[in-house]
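1. Sequence first, predicted coordinates after that:
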Amino acid sequence: MIAKAIQQFLLSPFQWLTVRFRRWADQRSPRSLRVQLNQRRIYILPTGSGFFWLSMVLVIFLVAVNYSNSLAYGLCFFMLSLFLLSILHTWRNLAGITLVARRAKAGFSGEIIDVVVECLSDHRARYSIGLGWPDTEVVMVSFQKDCEQTLVARAGSRGWFKPGRMRIESIYPLGLCRAWSWVRLDFHSLVYPVPDDRYPLPENQSADDGERSVVNSGFDDFTGFKNYQETDNLAHVYWKAYAKTGELLTKQFEQPSGRELYFSLDQVPGHHLEQQLSILTAWCLRCEQQHFTYGLMLPDHKLVPSLGADHLRRCLEVLALYHLEDDDISRRVNGIEKEQGKNND
Amino acid sequence: MTSPAVSRYATLWLLVAQMMVALPVIEVLPVSVMPLLVLTLIWRALIWFGRGVWPSDLLRRLLVTLALVLIVSSFGLQFSLELAINFLVTGYALKMLEMKTRRDALVIAYIGFFVVGAGVLYSQSLLQGLYLLLCIATLVAAIHAMYSPVDESSIKGSLRFSGSILLQTIPLILALFIFVPRLGPLWAVPWPEGDAKTGLSDKMQPGDVARLSQSYELAFRAQFKRAVPPPRERYWRTLILDQYDGNQWWQSDLLQLLSQFPGEIDHESNWQSRSPVSDGWWQIELGSYEYEVLLEPSGRQWLPVLGPAASAAVESTVLRTLRLEADKPVYERRLYKPASETVINNSISMPPWLSALNTALPAGVNLQARSLAYKLFTEVGQDPLSLGRRILEYFHQEPFYYTLSPPLMGESEVDDFLFTYRRGFCEHYASSFVFLMRSVGVPARIVTGYLGGEYLPEEKVVRVLQRDAHAWAEIWVEGQGWIRFDPTAAVAPERIDLGLDEMIEQGGLLQGQIPLAYRFSQSGFLKFFRQGWERLEYRWQKSVVQYQQEKQQSFMKQLFGTSSYYWQQVGVLGALLALFSALFGLFTLYQKPRKNLHQKAWCQLERKLASKGFERQAGEGPKDFARRVQVEDPILGAKAISVVDLYIQSAYSDNQSLDATIFDNLIKMIKQL
């Protein structure tokens, strides 16, 4: 263990240090819904120009010594004091900010997701603060009072959306020091498995797998009109309306799929669970697109075949959370249902 | 990662700063470089106003080459301070023409700090200090503007920041300035060329020494082994001026003497000597003072000594005029130890040529003065010593004044001074005195050097500034040798006892009647202002600029007693810095649980109800609390419910801004509860 650490350190000391530092920083700043930046979380080091500034202080100090020049001493001490003060001011620019994970859109693994983070300013104006995930985008923001910032983050593996370390940094006011903090925010949103579209929908399912062929009437359930588009079937055009108003309208029908599909893990090619879930995700999406009724039959979750955005979302949620090695899925599922209930209200 | 662009405000600040920081060093810039600098400034300003285009790469390179050629052609390739400053200033200006990103702008701002640093090498006056502070404030504002959000930066904001952070640095700077140990120079450095000009000169025109009295620069320091002479005996003999042409005094050199006295002087050994005592010049005895002198770079060869120099020091010669001359001009600080022996005055020989040299006067000038001299000489019975005393008496009795700004004298200077203006600085008195003496054939000459100096008792060091420059006279008395006469003492004895600075402090200067034209510049407010400023400048120089090694050591000894102070010094500095950061840290760290107005109102309400015996329980919301109150006390409860409703309406309303009328109502109702 130690030997391995030493080996890693010798191979690339900087990377080793970075990894160590981040691990240590993570311990100090556990994942949470809201994070206040305080002395435990804010780190500060001179920037490149800060180091250059210090070397200037040294040069002017040497000038002062060699010329026994009191004003040169004064200038040198001023520059040193300015540097020391800038440490405090830069730190102060971040200190006291509270970041709250507001909301994030659900998305597929690997996608870039819009995330809303609320910044509570603690009654002080904050300037030129870099905010965001370094692997996507860091935006520069300034705010006088509490505000919401829309950021983008890359969705990780399926399950609960746990974006990586968000970085909040500032070199305001003089660019001599950089104060930064790594923040891990918890969002109540899901990351669906990345769709794997390479496999066709299962064709011939045996009866006991739940296959049920349905004759596609196709024109049964009239649901309404929409404006005519060139691709629409001419047989569906509501000519009467055209005769009256000159408007081309197309009659719309809920198109019950020709097939009803009940997916279970056994039908999915591949042996790896994650791959199978990806394929199932792709199938659900394709069915939704092609208006096939579909359902999921997983060992501990069963969703009867249906169609529509809500159904799709439910399926994706199940796939996202299926067999997730997470400590408190149930609590979170309850949580998300509550949240969704709120959203529906 | 590319550097962000520079905001317009930051550019504006940098343009202003460029003009400001170049000003103190403008004398160093060669005339040929100036147009280039003005051109770049105008060009950049045009771009700022949106009327110019960025110069192309080729043009920029051409400009840089041109600048280099101009600078090198005026300074040569040898490294000097002036060359370095020129590179900095031109670099500052030319970089403006390619300043597009923040990185470029930072480079410019940082060069600005270096130029400010170069400025203090040329002058450390109070005015210069204040001006450079202004430059620094501008540069800090520029850097602040670079890092401010573009849409929110403003001139006022950067200025406010710069001002406030400058104020915050003051305690830190003070602690560092007082306690950071001052080191001696680590290696020899090129000194500013102009520096050689301040200091004594081997030619003296009236007014020269007065000009020196404006300079607070250190001339030298002397460290004494045992006894230290009292102020009135600290005559630092530096130059002997024995040649006079009716207008200016200068010192003889060997070449001139060879031509003036061809038969009598034939060799260098007649004039200067390396060996302790040359044949029969004088005899020596043990002196009462033993000391070493650390001379600041003067660019000259003469070495100040206390009293007549009896024999040569290392790498120097002693001159027949009883002074020391270094073998080479002093371009770096030089330590030397004058011989501790002193000259036996009556043993000094006076060959005829020397006597002739010291009685020579140009014919036909200052006739009035000559007749005065004859008159006085006969009065005192033709005795040189008595004549000297009589002349001093004359200066004392007649309305003569001592002034730093003497009026301009005409063709016959001595006459003008003695009979018309009667006010002057030490050199006027000395040269008149010598003229009067020579008029009656008494050998006399002017001695220039320094008088007094500040004594630091802890180190037994006397620090002598350029402003302590002084001129006095000596006359030859047969059988007694050279006798020192200081005519200034007769007019302004304070100058001798207290030194120039204390004299100014006590307002001892510039009293009495003053000619009209002169009075104007000295009258009322102007005079008051001038004297006030002079005093301020003196304090500034004494406590800030001259706060160097010895001053610091003696200050530290005062603070910590006589034991080793070095570590206490560092310790105190560390403690002060720690204290300061702790204070500042507390100030930023301590976040008072800020309550907004509604929370305050709620606390007030709770206190009110508590005083009536109702404590809100943990987890009980406002409404539940009010309802519980109502159950037990219906009248109070009804009021409480309406207050709570109002509170909820005010605190949780949709619009962010506070509705003042509702809130005022709420406060009123809480009070009425």
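-> Yes, it's here. It should be emphasised that the depicted structure is a prediction, and the values quoted were computed from it without experimental measurement.
2. Return, as residue ranges, the portions of the stretch 151-300 of chain A with sub-threshold pLDDT.
-> Within the stretch 151-300 of chain A, the stretches with pLDDT under 70 are A:203-226, A:229-236, A:251-259.
3. quick one: the helices in it?
-> For the stretch 151-300 of chain A, applying DSSP state H, counting those that start in this stretch gives helices covering A:239-245, A:273-290.
4. mind checking which of those is nearest B:Ala219?
-> Closest to B:Ala219 of the helices of the stretch 151-300 of chain A, according to CB to CB: helix A:273-290, at 86.1 Å. To be clear about C-beta, it is placed using only N, CA and C from the backbone, and glycine gets the same treatment.
5. Could I get the CA-only coordinates of that closest one as CSV?
-> Output in CSV follows, covering the C-alpha atoms of helix A:273-290 (Å, rounded to 0.1, in the frame of the first residue of the first chain):
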residue,chain,number,x,y,z
LEU,A,273,-25.7,-5.0,-16.3
GLU,A,274,-24.9,-1.4,-17.2
GLN,A,275,-24.8,-2.3,-20.9
GLN,A,276,-28.1,-4.1,-20.6
LEU,A,277,-29.7,-1.1,-18.9
SER,A,278,-28.3,1.2,-21.6
ILE,A,279,-29.9,-1.0,-24.2
LEU,A,280,-33.2,-1.0,-22.3
THR,A,281,-33.0,2.7,-22.2
ALA,A,282,-32.6,2.9,-25.9
TRP,A,283,-35.5,0.5,-26.5
CYS,A,284,-37.8,2.6,-24.2
LEU,A,285,-36.9,5.7,-26.1
ARG,A,286,-37.4,4.0,-29.5
CYS,A,287,-40.8,2.6,-28.4
GLU,A,288,-41.9,6.0,-27.2
GLN,A,289,-40.8,7.5,-30.5
GLN,A,290,-42.5,4.8,-32.6
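6. helices or strands up against it?
-> strand A:259-264, strand A:293-298, helix A:309-321 (3 or more CB pairs under 8 Å, 6 or more residues apart in numbering or on different chains; DSSP states H and E).
7. ok, 10 Å please
-> Under the contact criterion of 3 or more CB pairs under 10 Å, 6 or more residues apart in numbering or on different chains; DSSP states H and E, helix A:273-290 touches strand A:107-108, strand A:190-192, strand A:259-264, strand A:293-298, helix A:309-321.
8. about what we covered before: so of the helices of the stretch 151-300 of chain A, which one's packed in deepest?
-> By mean neighbour count, with neighbours taken as mean count of other CB atoms under 10 Å in any protein chain shown, helix A:273-290 ranks first of the helices of the stretch 151-300 of chain A at a mean of 20.
9. gap between that helix and the chain center?
-> 21 Å (CA atoms, centre = their mean, to the nearest Å).
10. Give me the secondary structure label for the nearest residue to B:Gly287 once chain neighbours are set aside.
-> In this structure, B:Gly287 finds its nearest non-sequential neighbour in B:Thr342, 3.6 Å apart by CB to CB, 6 or more residues apart in numbering or on different chains. Three-state call for B:Thr342 (DSSP: H, G, I helix; E, B strand; the rest coil): strand.
11. Contact partners for the residue in the stretch 101-250 of chain A that chain B sits nearest to?
-> Per CB to the nearest CB, the residue of the stretch 101-250 of chain A with the smallest distance to chain B is A:Ser142, at 4.2 Å. With CB atoms under 10 Å, 6 or more residues apart in numbering or on different chains as the criterion, the residues that contact A:Ser142 are A:93, A:125-129, A:170, A:172, B:148-153.
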